[in-house]
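Asks: structure for the following, please:
(one chain, ligands or ions: 1)
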Amino acid sequence: MLAVAPHPVINSLAHWRGEFPVFDRAVYLNSCSLGALSRPARRRVERCLDQWDERGAANWYDVWWAALEELRSRYGRLVNASTGEIALQASISGILGVIGSGLDTTHRRRIVTTELDFPTVPYQWLPKDVEVVVLKSPDDIAVPVEQFARAVNAETALVATSHVCFTSGAIQDVHAIADVAHRAGALCLIDGYQAAGQIPVDVRALDVDFYLSGGLKWLLGGSGITFLYARAGTTGDVVPQATGWFAHREQFAFDPAHFTPYDDARRFETGTPALLSVSSQLGGLDVIEAAGVAAIRAATSALTEDLIAAAESRGVHAKVAANAAERTGIVMLPRIDPRADVARLAEAGFIVDARPGHVRVSPYFYNVADDHRALLEVLLDA
Ligand SMILES: Cc1ncc(COP(=O)(O)O)c(C=O)c1O
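Replies: From the prediction side, this is the model:
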């Protein structure tokens, strides 16, 4: 039974809305797909373009290098990791590929993942000569830790799952899942693309070996920039075979005959990151850091509860986790024809998305409770 309490929405961060010009034209409620563009992100990108124009390749040696180091360090601070435990890549799939190229599965052939993880997680392993166990969810919302415990054995190399499930918004008990993996001698990889930014993340407290996230959604950085946390103490044996000059510790020696990878997380990097995306992410982080992740979680949680309660009061029972503490800014509203609903909402100026059987509504700290009420009026009063 879903616990829903009317929730007074006091969004102490609502003043940030003015930094997101999309709200001049529309009500944006789709952050789990793509975070809204902020003025600080646009300014950083414009500065990067100006520097490209004014200084050309000279940017490589100072501005670009400094931006990459700044981003590794700020991503590290965000998840309580050191800069040396952070690698930059263009996509989550790219990171998974690099890890997959270095993980030794000779004696441990089992990879445990779930049907609620973004499919690019299992796709990484399905073409390989390993045993992929895809756990089923009993309720389409989460996978109980006991199921991981039953599937993880002495043959298991890796447990790979999500911090926040992209289909339901449910927060998984990552610490308990990591414990299951470690007891069996396996590593634990967490896809945190739907988590970092909207909920606090402390990779040390979670006790995970790999943690992946990036700019696209809750970190307000746009596409083309993601990061990997690789725990120094447990992932040292993983030396990628898919690699490049950014992984070489003498990168600028240009020596084609010898390859010596970094022994820190940079060995998971490959080639030149997209500097425009790095710039937009630095601007997005300006906002996230100034607002504060704890305050963002409080505001987003209050908005999420308000949306769920408002829908419930109108007879729509959201598909979300049973307890508020496990819910996030991804709210699935069951609908017969979600695509038609989304098109109708778009015409009325509301940006949401459709998933099979559901309209997906995704509030963030720049939303206000009136956004929900106005949305529900258009959605339900047709
Ligand atoms: C949880 C999660 N993981 C991974 C991805 C895909 O990542 P990428 O396109 O960077 O490989 C998505 C969606 O964009 C996602 O929601």
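
Asks: tell me the domain ranges of the chain?
Replies: In terms of domains, the chain is parsed into 14-29+293-380, 59-288 (source: automatic domain parsing).

Asks: quick check: which of the ones you listed is nearest to the ligand?
Replies: Of all the domains of the chain, it is domain 59-288 that lies closest to the ligand, at 3.2 Å by Cβ to the nearest ligand atom. C-beta coordinates here come from the backbone N, C-alpha and C atoms, glycine included.

Asks: ok, now which ones touch residue 217?
Replies: 31-35, 193-194, 197 (Cβ atoms under 8 Å, 6 or more residues apart in numbering).

Asks: spatially, which two of those are the most separated?
Replies: Farthest pair in those (Cβ to Cβ) is 33 and 197. Separation: 13.7 Å.

Asks: and residue 346, how far from residue 28?
Replies: 11 Å (Cβ to Cβ, to the nearest Å).

Asks: follow-up on the earlier one: now list the buried members of the contacts of residue 217.
Replies: Neighbour-count burial (16 or more other Cβ atoms under 10 Å) is assigned, among the contacts of residue 217, to 31-32, 34-35, 193-194, 197.

Asks: the ligand next: which of those residues are close?
Replies: 193-194 (Cβ under 6 Å from any ligand atom).

Asks: residue numbers of the stretch 51-200 of the chain in contact with the ligand?
Replies: Selection of the stretch 51-200 of the chain residues close to the ligand by Cβ under 6 Å from any ligand atom yields 91-93, 118, 120, 162, 166, 191, 193-194.

Asks: which of the residues you listed fall within strands?
Replies: Taking DSSP state E as the definition of strands, those contribute 162, 191.

Asks: for the residue sitting nearest the centre point of the chain, phi and psi?
Replies: Most central in the chain under Cα atoms, centre = their mean is residue 193, positioned 1.1 Å from the mean C-alpha point. The phi/psi pair for residue 193 (degrees, to the nearest 10) reads phi -60, psi -30.

Asks: wait, it sits on residue 121?
Replies: No: contact criterion Cβ atoms under 8 Å: residue 193 and residue 121 do not qualify, at 10.1 Å.

Asks: pull up the overlap in contacts between these two.
Replies: Common contacts of residue 193 and residue 121 (Cβ under 8 Å, 6+ apart): residue 162.

Asks: the closest residue to residue 221 other than its chain neighbours: neighbour count?
Replies: Once flanking residues are discounted, residue 221 sits nearest to residue 215: 2.3 Å by Cβ to Cβ, 6 or more residues apart in numbering. Neighbourhood size, residue 215 [other Cβ atoms under 10 Å]: 30.

Asks: just list the residues touching residue 215, thanks.
Replies: Contact analysis of residue 215 by Cβ under 8 Å, 6+ apart lists 35, 221-226, 277, 280-281, 284.

Asks: in JSON lines: those, plus pLDDT.
Replies: Listed next are those as JSON lines, based on pLDDT from 0 to 100:
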{"residue": "35", "pLDDT": "98"}
{"residue": "221", "pLDDT": "98"}
{"residue": "222", "pLDDT": "98"}
{"residue": "223", "pLDDT": "98"}
{"residue": "224", "pLDDT": "98"}
{"residue": "225", "pLDDT": "98"}
{"residue": "226", "pLDDT": "98"}
{"residue": "277", "pLDDT": "98"}
{"residue": "280", "pLDDT": "98"}
{"residue": "281", "pLDDT": "98"}
{"residue": "284", "pLDDT": "98"}
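
Asks: any chance of the domains of the chain in JSON lines, with distance to residue 43 too?
Replies: Listed next are the domains of the chain as JSON lines, based on distance: least, Cβ to Cβ, whole Å:
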{"stretch": "domain 14-29+293-380", "distance to residue 43": "10"}
{"stretch": "domain 59-288", "distance to residue 43": "6"}
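
Asks: how about those, which one is nearest residue 40?
Replies: domain 59-288 (4.1 Å).

Asks: list the contacts of the residue nearest to the centre of the chain.
Replies: Per Cβ under 8 Å, 6+ apart, neighbours of residue 193: 92, 118, 162, 166, 212-214, 216-217, 226.

Asks: restricted to helices, list these.
Replies: residue 92 (DSSP state H).

Asks: scan the contacts of residue 193 and report the most crowded one.
Replies: Within the contacts of residue 193, residue 212 tops the neighbour count with 30 neighbours, counted by other Cβ under 10 Å.

Asks: what is the nearest of the contacts of residue 193 to residue 363?
Replies: residue 217 (12.8 Å).
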